Structure formats: structure tokens, C-alpha cells
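> Predicted model and sequence follow; I will ask about them next.
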Amino acid sequence: MLKSIRKNMKPIMWITALAFIATIFFSWGMHMTSKVMTNITVAKVNGAAIKNDKFRYALISTERNYRKMYGDQFDRIKKNMDLEKQVLNQLIDQKLLMQEIKKQRIKISDKEIIDKIKQDPIFKNKKGGFDKAKFEQYVNGIPASQWQRIENGVKQSLALEHLWKKVTDPVIIDGKIILDEFMLKNEKVKIKYICFNVDELKTQVSVNDEDITEYFSENKEEFKQPDRVNIEYVLIEDEERAYDISIDLGEEKKWNEVLKKENLSSKKTGYFAETEEIPEIGYSREFSQSAFSLSKDDISDPVKTAKGFCILRLIDLKPSYMPEQIEEVKNEVRNRLTALKTEELAEKKADEFIEKSQSAKNIEKLAKKLKYEIKQTEFFERGVYAKDIGYAPKLIAEAFLLEKDDKKKVSEPQRIFVIELIEKKAADKEEFDTQKEQIKQTLLQKKKQLVYEKWFKNLKQEAKIVNNLDKIRRAQ
């Protein structure tokens, strides 16, 4: 069946969604060169060799994928990744899994392969069904060798799925565990709290030049300056026009000429780091990612921002560096030290309130005397958000551990809380049936993942693996 499809179908720009390991090895767009065709054994798995040609093939493919993601920025982060080690470990894992598939005699039929290919969204019609004409339009005429690689990739992906099922299908979740999870998930609490806002206490602390100098000399690493770029950009509201103009701007040394012709003016951001707000743009992840992927004088594709579509040109990049003189980061050191001292003050105030409350007959009166405001929440469930408090995962977790009359200090970024339990409300068991299946599936998938990871760890520990990468590196 597969042979006949290869004979009668058209080119396809489709890549199968393999498991994480198979992805690296089966990249059909790559071609080997004679320079990497060598018989050096990079590693062995139970006596089976991983040759240098396949290792280099996987390495080049992985580097290309990273470069597509990060652009020129990849050259700066590559040195910290040890990509060779990552890729070889993945090939070792792949080899080990393929050996286990063979050992367990897992077979994949032609029909399974074809059915899997047909599931790709690119071959669906408007109603979501398989569109044979669309399939034939893409696939007819593909070279047999390329189809063979695609089929092999799908086959191995399916085999990995079968292996996963074989290992994890016996996993079950006890009904009591599902009920306990429901009760835990749907339990609610109501608390009262005092919030010491760090920003509001800044006027109560002071930092002198001696403190700043001492802190800087002891903590220079904290003030390492990140890469910064200076970008010239043009803002265009209409997306189609932005794409048309970006093509013209991309022509060598045509930037100023095209802007003049299109009656457009550009702006410069000044130097900014990737995590900083951009002047007149605000914080834009897309703008920053595009800016830091450019080489000098490169022109970006249009980038969507809250204000419209921006076309970017890199003017300059200032690489990261460690400041030697305090003057250039003095304000930053001052702010950091002020924040630390203010947080210490907030912690101290919280501790003192808890201590005084132990002997106080009425903590509301105590709070009023100290000019602190006691607030009260509505009932809330476990999570990371509570109404009126916002994102406070530590506070919420601690709230469910409180007993009646307990008072506890909890630190969140820029806020220190003193919390006390008002009431705890158990879950309504009548709601259990409506959530039972969803909770069961969530717990089941987590348990299956843990079982599979443990199984694979044992498989790898029992395997005879020889890794020659370090030896080859030393010999080079």
C-alpha cells in the first residue's frame, strides 16, 4: 500500500509530530555531506554503535532549529548549552528505546502509518474530515527515498506511542485518591490579613554612600549589565502595507530612500535590555525578541505591537559586561539596597505585630493603635490568585495550613503579610460526580508520566552505555 502511494502522490511540506527523541534524528530536509561521513563510534548502547555521521547530522539539524528560533542571538547562548552533549544523550536514549521496541516485538502496520499521516490538519477539509484531493495534491510525485524517510519517522513515532501505552496502561488511580483530590481542590478558606507594602515603607529607611560602596564591593555579580541594543524603527498601522514596505526596506542600503519615498519617519529607541520597557513602545516581548535576533543593519519582518506594526533595524549592540566603577551603577545599587532594607523593615513590623498580638485581647484594637489596616477576604480555593490580594501563591498555600487563631507571616514579592484564619469550608460532596472524571484523568496522566520516567530510568541504568564524546574532544 505504501509503495503504491509513493508511486502516485505529490510533494508534501509536512513533518510528522514525532516523540521528543525521534524529532532530532528524522529531519527530512537535511542532506549528508562527505565531510561528516566517518566511521568513528561516538557512543555504544548495548553494543550497538552510534556513528559520528549520524551524530553530526543530528547536531547540525538541532543547531538549525535553534537558529530559526533565536536568530543571531543563538551564537551568544550556544556556548552555555553544551549542545553536543545534549544531542548525543538524546541519540543514546533513542537507540535504547528502539532496542526495547524490537525486544518487545512491537510491530506497526502500513494501515496505522497511513491513518496517522491522514490525521495531519493540513489534509482536513472545512468540516474536519480527510480531504483526499488535498492529500494527493501535496503528496503525488514525492521521491520514493523521501517518502521512505517520512514513513520511517511515522513508524518510529507510532512505535514509541505503543511502547508508552505498554508501560503505562496498567496504571490505575484508586477511587479514594480521586475523592481526596476533589476534597483538597474544592476546600475553601476565608482569612483576615495585614499587608505591609514594601514600596510604602521606603521613606522610613535611609542609605548612605558608605552603605552603597560596601554593598557594591561585596555583590558586584548582581550588577552585571545585560546586552543592550539601539533600534531604529518605523511604525505602520496597516499590516499589509507594513509587509509591503518591509520588503523594500530590506533591500541593501535602501532604508532612508524608502522612508522618504513612502513619507514615513523613523524613531530610535536608545539602548535597552531584552527585559526592559522600550521607550514609546512599552514592554513588548515580540519587539524585544526581534530586536535581539538582528545583526547590524538587518531589517526585521513587521512586528505586531499594541501601537501597530513595527519594522526594526539594528543600529548597535552593546555586549554585557561587569562594571568596575560604582559610579555607572550607583543609582541601581542604591535602589537595590533600599529595597532590601525596606523589606527587612516590613519583616520586622510583621514579626512585632505577631508577637504583640499574643498578649492582646483584641487584635483589631492593636492594629488600629499601630495604624495598620486589617482586611478580610472572601472564601477562596487553592491556586495562586485570591480576590483583592492578586497573585500570592505562598500566602494561599499557607492559608490552607492555618488552624483557628493561628497567625503567620508570609513573604510575597514587594509585600509582607500577617494572616489569620477566619473560617475553613469543606468541599461539597454533591459536586463530586461532575468533577470526578476530569480529576481522574489529570491524576492518571501525572501518574503515568512518573511510572514511565521511572521505567526508563531503570532501563537506562541496566543498559551498557559507552560514551566516547569526552575522549573524542580531547583528541581533537
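Nice, I can see it. Numbers count the residues shown, from 1 in each chain.

> Tell me who's in contact with residue 414.
Contacts for residue 414 (C-beta atoms under 8 Å, 6 or more residues apart in numbering) come out as 197-199. Glycine gets a C-beta too; all of them are placed from N, C-alpha and C.

> and the residue most central in space within the chain, what element?
The residue lying closest to the centre of the chain (C-alpha atoms, centre = their mean) is residue 69, at 12.8 Å. Residue 69 belongs to helix 52-70 when assigned by DSSP states H and E.

> That helix: which residues count as buried?
Buried positions in helix 52-70, judged by neighbour count with 16 or more other C-beta atoms under 10 Å: 52-62, 66, 70.

> ok, now stretch 354-371?
The neighbour-count check on stretch 354-371 (16+ other C-beta under 10 Å) flags 354, 357, 363, 366-367 as buried.

> Just give me the closest of those to residue 137.
Nearest to residue 137 among the buried residues of stretch 354-371: residue 354, at 71.9 Å, using C-beta to C-beta.

> ok, for the closest one, nearest residue in space, not its chain neighbours?
Residue nearest to residue 354 in three dimensions, not counting chain neighbours: residue 407, with 5.2 Å by C-beta to C-beta, 6 or more residues apart in numbering.

> Next, the contact list for that neighbour, please.
Going by C-beta under 8 Å, 6+ apart, residue 407 touches 354, 357, 418-420.

> Could you do residue 172 as well?
Counted by C-beta under 8 Å, 6+ apart, residue 172 has contacts residue 444.

> Phi, psi for it please.
When read as degrees, to the nearest 10, the backbone of residue 172 gives phi -130, psi 160.

> can you tell me how far it sits from residue 444?
Residue 172 sits at a distance of 8 Å from residue 444 (criterion: C-beta to C-beta, to the nearest Å).

> now the contacts of residue 414: which count as buried?
Neighbour counting by 16+ other C-beta under 10 Å classes residue 198 among those as buried.

> what would the contacts of residue 414 look like in a markdown table with pLDDT and secondary structure?
What follows is the contacts of residue 414, written out as a markdown table (pLDDT from 0 to 100; DSSP: H, G, I helix; E, B strand; the rest coil):
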| residue | pLDDT | secondary structure |
| --- | --- | --- |
| 197 | 93 | strand |
| 198 | 91 | helix |
| 199 | 90 | helix |
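
> for the contacts of residue 414, which one is nearest residue 430?
residue 197 (40.7 Å).

> what about the nearest residue to that closest one once chain neighbours are set aside, neighbour count?
Excluding its sequence neighbours, the residue lying closest to residue 197 (C-beta to C-beta, 6+ apart) is residue 415, at 5.8 Å. The number of residues packed near residue 415 is 19, by other C-beta atoms under 10 Å.

> Who are the contact partners of residue 415?
By C-beta under 8 Å, 6+ apart, the contact set of residue 415 is 195-198, 346, 392.

> Next one, pLDDT for it please.
pLDDT, residue 415: 95.

> Beta-bridge partners for it, please?
residue 197, residue 412 (DSSP bridges).

> Walk me through the regions of the stretch 251-400 of the chain where pLDDT falls short of the threshold, as ranges.
Within the stretch 251-400 of the chain, no stretch has pLDDT under 70.

> all helices of it, in order?
In the stretch 251-400 of the chain, the helices defined using DSSP state H, counting those that start in this stretch lie at 255-261, 285-291, 330-357, 363-369, 393-399.
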